[in-house]
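Asks: starting from these lines, generate the structure:
(one chain, ligands or ions: 1)
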Amino acid sequence: MNNFCNLSDIVDLKSTIKEAIDLKKNPLQFKVLGEGKTICLLFFNNSLRTRLSTQKAAQNLGLNTIVMNFGSEGWELEFEDGVIMSQNKSEHVKEAAKVISQYCDIIAIRAFASLTDKEKDETEIILTNFKKYARVPVINMESSLGHPLQALADAITIEEYKAVKKPKVVLSWVPHPKALPHAVANSFIEMMQLQDADFVLTHPKGYELNPEITKNSTIEYNQEKAFENADFIYVKNWSSYENYGQVLNTDASWMITADKMKFTNNAKFMHCLPVRRNVIVTDEVLDSEDSIVIEQANNRTYSAQIVLKKILENNG
Ligand code: SN0
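Replies: Take a look at the predicted model:
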């Protein structure tokens, strides 16, 4: 593996998931792989799990980590070509990416969608430009379009908890007061299309995601019907794709409750976190035995570690 910008950068998904589960048993076994090497984590947005689990994964592999929060600490970067830089942006990505590449062996980037400019978001302007100008491998820590490290952790978690070969997995939209990105949902959908799963997507009308991503996935507009016999309920809010970035509906009837979970086959409850209690899901469900969100977050370390391991092995 050279870059890890989307799920298609994983060559053999099945064996990668298995290797990640094996790593978990002995996380320090490849500690020499990253010796003397450095990863730079660049954040254009907030983070808790991604920041800490990626650092932890790096540490397990013997890598040094440098973290920079571009939102508050860096010069404001210009990403467009040929611009007269007379406004507030101080530095172009062309210099920044090349300079940062001299200080580290891997660059990881978090850059959410703006949710205001669909076209620009779809070009993944920040990630694409870093990939173009960096001289070291680039990792996506959630871009405009995807969050593949999260989706890999999700697949690892489902693999660990599934009781049948082909579980029924439901991705349900839930209400949220803010406009949230599509990245987590997009990558989860792409991941489920690659897994042996009976996958159903449920959301209110108007919340259809990019059809190039949902492809022929089953969409069920009736949430209760979608939940019938489900083995995993994966929950996420996203803003409208069609009416780009808008919150069309905050209908509390879509919140996950214990009554709704009764329609399922004792399903496990999953969410990438951070989760807003009693908006997205009731305390009762989130605190129940069937909620696996903490273990899901734990697997972020191993999804990052397997990706870093493959990049280090390829760039030894
Ligand atoms: C982000 C998202 O993409 O939806 C990150 C998830 C890993 N989530 C949020 O921004 C939630 C913020 C909030 O205020 O609840």
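
Asks: now for S86, how many residues are close by?
Replies: S86: 6 surrounding residues under other C-beta atoms under 10 Å. Backbone N, C-alpha and C define where each C-beta goes, glycine included.

Asks: how about it, secondary structure?
Replies: coil (DSSP: H, G, I helix; E, B strand; the rest coil).

Asks: contacting residues for Q29?
Replies: Neighbouring residues of Q29 by C-beta atoms under 8 Å, 6 or more residues apart in numbering: L23.

Asks: which secondary structure state does it sit in?
Replies: coil.

Asks: with L201 instead?
Replies: Applying three-state DSSP: L201 is strand.

Asks: and it, what is it in contact with?
Replies: Going by C-beta under 8 Å, 6+ apart, L201 touches V170, L171, I189, L209, T214, S217, T218, I219, E220, A226.

Asks: same check, this time on K118
Replies: Residues near K118 by C-beta under 8 Å, 6+ apart: Y244, G245.

Asks: pop the domain breakdown of this protein in here.
Replies: 7-146+300-314, 148-296 (automatic domain parsing).

Asks: got a markdown table for the contacts of L201, with pLDDT and distance to the ligand too?
Replies: Shown next, in a markdown table, are the contacts of L201 (pLDDT from 0 to 100; distance: C-beta to the nearest ligand atom, whole Å):
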| residue | pLDDT | distance to the ligand |
| --- | --- | --- |
| V170 | 99 | 18 |
| L171 | 99 | 13 |
| I189 | 98 | 14 |
| L209 | 98 | 13 |
| T214 | 98 | 17 |
| S217 | 98 | 20 |
| T218 | 98 | 23 |
| I219 | 98 | 20 |
| E220 | 98 | 22 |
| A226 | 98 | 21 |
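
Asks: biggest helix in this protein, by residue count?
Replies: helix 293-314 (DSSP state H).

Asks: can you give me the offset of it from its chain's centre?
Replies: 12 Å (C-alpha atoms, centre = their mean, to the nearest Å).

Asks: quickly list what T65 is bridged to.
Replies: Counting by DSSP bridges, T65 is bridged to I39.

Asks: and it, how many neighbours?
Replies: Neighbour count of T65, defined by other C-beta under 10 Å: 19.

Asks: ok, now S72?
Replies: 7.

Asks: try the one 10 residues further on
Replies: G82: 4 surrounding residues under other C-beta under 10 Å.

Asks: list phi and psi for it.
Replies: Torsion angles at G82 (phi, psi; degrees, to the nearest 10) stand at phi 70, psi 20.

Asks: ok now do the most far-flung residue of the chain relative to its centre, which residues does it touch?
Replies: The C-alpha centroid of the chain is most remote from S86, which lies 35.0 Å away (C-alpha atoms, centre = their mean). With contact set as C-beta under 8 Å, 6+ apart, S86 has no partners.

Asks: buried only: go through the contacts of L201 for me.
Replies: Burial by neighbour count, 16 or more other C-beta atoms under 10 Å: within the contacts of L201 this picks out V170, L171, I189, L209, T214, S217, I219, E220, A226.

Asks: help me confirm that the first one is found in a helix?
Replies: No. Using three-state DSSP, the assignment for V170 is strand, not a helix.

Asks: in this structure it contacts N229, no?
Replies: No. Using C-beta atoms under 8 Å, V170 is not in contact with N229; the gap is 9.6 Å.

Asks: okay, and the common contacts of these two?
Replies: With C-beta under 8 Å, 6+ apart as the test, V170 and N229 both reach T264.

Asks: and Q296, how far is that from Y161?
Replies: Counting by C-beta to C-beta, to the nearest Å, the separation of Q296 from Y161 is 9 Å.

Asks: same check, this time on S101
Replies: 39 Å.

Asks: the two: which is more packed in?
Replies: For S101 versus Y161, neighbours defined as other C-beta under 10 Å are more numerous around S101 (19 against 16).

Asks: and whichever strand or helix holds that one, what does it pack against?
Replies: If you go by DSSP states H and E, S101 is part of helix 93-103. With contacts taken as 3 or more C-beta pairs under 8 Å, 6 or more residues apart in numbering; DSSP states H and E, helix 93-103 sits against strand 38-43, strand 77-78, strand 106-110, helix 125-133.

Asks: can we see that at 6 Å?
Replies: Where contact means 3 or more C-beta pairs under 6 Å, 6 or more residues apart in numbering; DSSP states H and E, helix 93-103 is packed against helix 125-133.

Asks: what comes into contact with the helix it packs on?
Replies: If you take C-beta atoms under 6 Å, 6 or more residues apart in numbering as the criterion, helix 125-133 is touched by F79, V93, K94, A97, K98, I109, A111, V138, N140, S143.

Asks: quick one: buried residues of it?
Replies: For helix 125-133, by 16+ other C-beta under 10 Å, it's I125, I126, L127, T128, N129, F130, K131, Y133.
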